[in-house]
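Novice: what's the 3D shape of this:
(one chain, ligands or ions: 3)
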Amino acid sequence: MALLVQKYGGTSVANLERIQRVADRVAESRRRGNRLVVVVSAMSGVTDGLLRMAREIDREPREREMDLLLATGEQTTTALLAMALHARGVDAVALTGAQAGIVTDGTHTRARIANVTPSAVRAHLQAGRVVIVAGFQGQTMGGQITTLGRGGSDLTAIALAAVLRAARCEIYTDVDGVYTADPRTEPRARKIREISYDEMLELASTGAKVMQARSVEFAKKFGVVFEVRSSFHRTRGTMVKEEAKSMERVVVRGVSLEKNQAKVTLAGVADRPGVAANMFSGIARGGINVDMIVQNVSLPADGKRGKAQTDITFTVPRDELSKVKRYLEKFRQTGGARQILFQEGIAKVSVVGIGMRSHSGVAAQLFRALAKAGVNIQMISTSEIKITVVVDESAGPKAVRAAHREFRLGGRAQKR
Ligand code: ADP
Ligand code: ASP
Ligand code: MG
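Specialist: Ligands and ions are numbered 1, 2, ... in the order given. Predicted coordinates for the structure are as follows:
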C-alpha cells in the first residue's frame, strides 16, 4: 500500500464545506487502499486574525506566547477534519505537531526543524488510521510549542514525506500548480509542468508564496519530489524535482513579485574594515532579514574629497523597518553614518531560470523591457539563476507583466 503525504492549505480548508470536500477526497483515497498522512493549515484568515488580536493587545508580543496562540489555528482544522472522516466511517486520528514528532530549535515564530521522530505516526498508520497532522508547528526538546514561519505547513508536509519515505507528496492549494507568475498579477501566466528545486526555491524566496521557501530547501536536501496541485480540480499539477538537462533550454522559468519591502540607505559610512561587519551583525542579532546590499563610494556632503566614506543601501521586509530604525538610529548617533534614509513603498521583481547559466544578455533584455514599459529601476542584483530589480511598489505588477511578455512566458489567459 502506497504511503501518501498530502497537505491542504488555508483556502482548501477555509470553511466547513471545504473541510467536508477534503474529507471526501481523503476518504476516497483511503478506500483505494492508500495509507495517508494529511497535513493541514489553519482555515484561511485565521493565522492573520490571531496575529491581529495579539498585536492589538501588545504591539510587540512575546514570541513564546505568540507561538502558543498561532498553533491553535492548525489544531482546530486537524480536529474538524478528523471528525469529518469519522462521520464517513474512516478511522482517523488528529495530532499536534509535537505529537507527530516534529522537533524544532527554540527560535520562536520561525523555528527550524531539528529532527522528526515519527514513531506515533507510524504506529497509527500501522493500525490503519489516516493520520491528520497540524502543520506549521513543532515542539522544542524542552517541550515549548514553536511555529515554523509563515507558510510553514508546507515544511511540515515535506519533512514528514522525507522521514516516512512517502511514495508521493502532494501540496494541495487554490491554484492548480506553479505558474510562470502569480496568476493574480498576470492572468496570462501558464502552469509549469515541472520545475527544478533551485528555480522553485528562488521563486519562493522572492515572493511566489505558492510554496514556503524553507520547505523547498528541505525537499532539495532530502530529495523529496513533490507535486503542487489544486484541491478543487482533478487536473495534474506541477512536479518539483531535481533538475534535468532538458530544463536548461528554458532561459526564464518564471517571474515573481515581492511587495511590502523597504529600502534603507546609510550615507557617509566610514570606509574601513569592520564597519559593515559591525552594523550588519547588529541587525542580524535582531533577527532581521537583510537583502540586496549595495555599497558605493560616497562623495562628502560638501563635494570635496575628505576621509574615505561609503554609502550602503539594502532592503528589508517593511514590517521589520521599525526594528531596523531603532537599531540604526543608535548606530548613527555613535558616529556610524552621516545620514540615514528610509524608503517604504518599494517592491522587488525577479526573473528566475536555470537556463540563465548558459545564456547571456538576459539582464539587458529585462532592463530594456522595463524601460519600454516606463518602469524605473532603483536597484539591481543578480545571481547565477536570478535577476532582481527594485522598483516602485505601484509599478510592481506592470513590471511583472512586462518581464513575462518579454520572455514569452504567457499563453492564453488562464482560468483560476
Ligand atoms: P495555501 O493556503 O494553500 O498554502 P498560499 O496562499 O500560501 O496557499 O499559496 C497559493 C497562492 O500563491 C496562489 O493563490 C497564488 O496567488 C500565489 N502565487 C504566487 N506566485 C505563484 C506562482 N508562481 N504560481 C502559482 N501561484 C502563485
Ligand atoms: N497558517 C500558517 C500561515 O498562515 C501556516 C500555513 O498556512 O502554512 O502562515
Ligand atoms: Mg501557503
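Novice: switch to C-alpha atoms for all contacts and neighbour counts from now on
Specialist: Noted.
Novice: how about the secondary structure of Tyr327?
Specialist: Under the three-state scheme (DSSP: H, G, I helix; E, B strand; the rest coil), Tyr327 adopts helix.
Novice: so which bits of the helix or strand hosting Gly268 are buried?
Specialist: Assessed by DSSP states H and E, Gly268 sits inside strand 254-270. Using 16 or more other CA atoms under 10 Å as the test for burial, strand 254-270 gives 254-259, 261-270.
Novice: also stretch 203-221?
Specialist: Applying 16+ other CA under 10 Å to stretch 203-221 flags 203-220 as buried.
Novice: now, which of the residues you listed lie within helices?
Specialist: Members of the buried residues of stretch 203-221 lying in helices (criterion: DSSP state H): Leu203, Ala204, Ser205, Ala213, Arg214, Ser215, Val216, Glu217, Phe218, Ala219, Lys220.
Novice: pretty sure Ser205 is in contact with Ser215, am I right?
Specialist: No: assessed by CA atoms under 8 Å, Ser205 is found out of contact with Ser215, at 10.6 Å.
Novice: just the buried residues of strand 254-270 that are near ligand 2?
Specialist: Near ligand 2, judged by CA under 6 Å from any ligand atom, there are no entries from the buried residues of strand 254-270.
Novice: quick check: Gly207 touching Val255?
Specialist: No: in this structure Gly207 lies outside contact range of Val255 using CA under 8 Å: 9.4 Å.
Novice: whichever residue of the stretch 301-416 of the chain sits closest to ligand 2 in helix, strand or coil?
Specialist: Across the stretch 301-416 of the chain, no residue is closer to ligand 2 than Asp319, which sits at 15.3 Å (CA to the nearest ligand atom). Classification of Asp319 using three-state DSSP returns helix.
Novice: for stretch 407-416, give the mean pLDDT please.
Specialist: Stretch 407-416 shows a mean pLDDT of 68.
Novice: actually stretch 135-152, not the one I wrote
Specialist: 98.
Novice: hmm, that stretch touching ligand 2?
Specialist: Yes: against ligand 2, stretch 135-152 shows contacts by CA under 6 Å from any ligand atom at Phe136, Arg150, Gly151, Gly152.
Novice: format the residues you listed as JSON lines; extra columns: neighbour count, distance to ligand 1 and secondary structure.
Specialist: Below are the residues of stretch 135-152 next to ligand 2 laid out as JSON lines (neighbours: other CA atoms under 10 Å; distance: CA to the nearest ligand atom, whole Å; DSSP: H, G, I helix; E, B strand; the rest coil):
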{"residue": "Phe136", "neighbour count": "31", "distance to ligand 1": "11", "secondary structure": "coil"}
{"residue": "Arg150", "neighbour count": "15", "distance to ligand 1": "9", "secondary structure": "coil"}
{"residue": "Gly151", "neighbour count": "20", "distance to ligand 1": "6", "secondary structure": "coil"}
{"residue": "Gly152", "neighbour count": "21", "distance to ligand 1": "9", "secondary structure": "coil"}
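Novice: and which of the residues you listed is nearest Gly355?
Specialist: Gly151 (28.0 Å; CA to CA).
Novice: how about that closest one: what's its closest non-neighbour residue?
Specialist: Gln212 (5.3 Å; CA to CA, 6 or more residues apart in numbering).
Novice: and the gap between that neighbour and Glu202?
Specialist: Going from Gln212 to Glu202 by CA to CA, to the nearest Å gives 11 Å.
Novice: which of the helices or strands spans Glu65?
Specialist: Here Glu65 is assigned to helix 63-87, by DSSP H and E.
Novice: follow-up on the earlier one: rebuild the residues of stretch 135-152 next to ligand 2 as JSON lines, extending it with distance to Asp105.
Specialist: Below are those laid out as JSON lines (distance: CA to CA, whole Å):
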{"residue": "Phe136", "distance to Asp105": "14"}
{"residue": "Arg150", "distance to Asp105": "16"}
{"residue": "Gly151", "distance to Asp105": "18"}
{"residue": "Gly152", "distance to Asp105": "14"}
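Novice: from the residues you listed, which is closest to Arg64?
Specialist: Phe136 (14.7 Å).
Novice: quick check, the closest one in contact with Ala157.
Specialist: No: proximity of Phe136 to Ala157 does not meet the contact threshold set by CA under 8 Å, at 9.1 Å.
Novice: report all helices and strands that the strand holding Gly268 contacts.
Specialist: Using 3 or more CA pairs under 8 Å, 6 or more residues apart in numbering; DSSP states H and E, the elements in contact with strand 254-270 are helix 197-205, strand 309-317, strand 339-352, helix 396-406.
Novice: Leu366: which of those is closest?
Specialist: helix 396-406 (6.2 Å).
Novice: which strands and helices sit next to that closest one?
Specialist: strand 254-270, strand 339-352, helix 362-372.
Novice: shaky segments in the stretch 151-300 of the chain?
Specialist: 298-300 (pLDDT under 70).
Novice: got the contact list for stretch 94-114?
Specialist: Stretch 94-114 has contacts (CA atoms under 8 Å, 6 or more residues apart in numbering) with 63-64, 66-67, 75, 78-79, 82, 115-121, 131-141, 144-150, 156.
Novice: could I get it in PDB with only the CA atoms?
Specialist: C-alpha atoms of stretch 94-114 as PDB (Å, rounded to 0.1, in the frame of the first residue of the first chain):
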ATOM      1  CA  ALA A  94      -5.600  14.100  14.700                       C
ATOM      2  CA  LEU A  95      -2.200  15.000  16.000                       C
ATOM      3  CA  THR A  96      -0.400  18.200  17.000                       C
ATOM      4  CA  GLY A  97       3.000  18.900  15.500                       C
ATOM      5  CA  ALA A  98       4.600  17.800  18.800                       C
ATOM      6  CA  GLN A  99       2.600  14.500  18.900                       C
ATOM      7  CA  ALA A 100       3.700  13.900  15.300                       C
ATOM      8  CA  GLY A 101       7.300  14.200  16.400                       C
ATOM      9  CA  ILE A 102       8.200  17.500  14.800                       C
ATOM     10  CA  VAL A 103      11.200  18.600  17.000                       C
ATOM     11  CA  THR A 104      12.500  22.100  16.400                       C
ATOM     12  CA  ASP A 105      15.100  24.600  17.700                       C
ATOM     13  CA  GLY A 106      13.900  27.300  20.100                       C
ATOM     14  CA  THR A 107      13.700  30.200  17.600                       C
ATOM     15  CA  HIS A 108      10.100  31.100  18.300                       C
ATOM     16  CA  THR A 109       7.900  32.200  15.300                       C
ATOM     17  CA  ARG A 110      10.400  30.900  12.700                       C
ATOM     18  CA  ALA A 111      11.800  27.700  14.300                       C
ATOM     19  CA  ARG A 112      13.900  25.200  12.300                       C
ATOM     20  CA  ILE A 113      13.100  21.500  12.300                       C
ATOM     21  CA  ALA A 114      15.900  19.800  14.200                       C
END
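Novice: great, nothing more from me.
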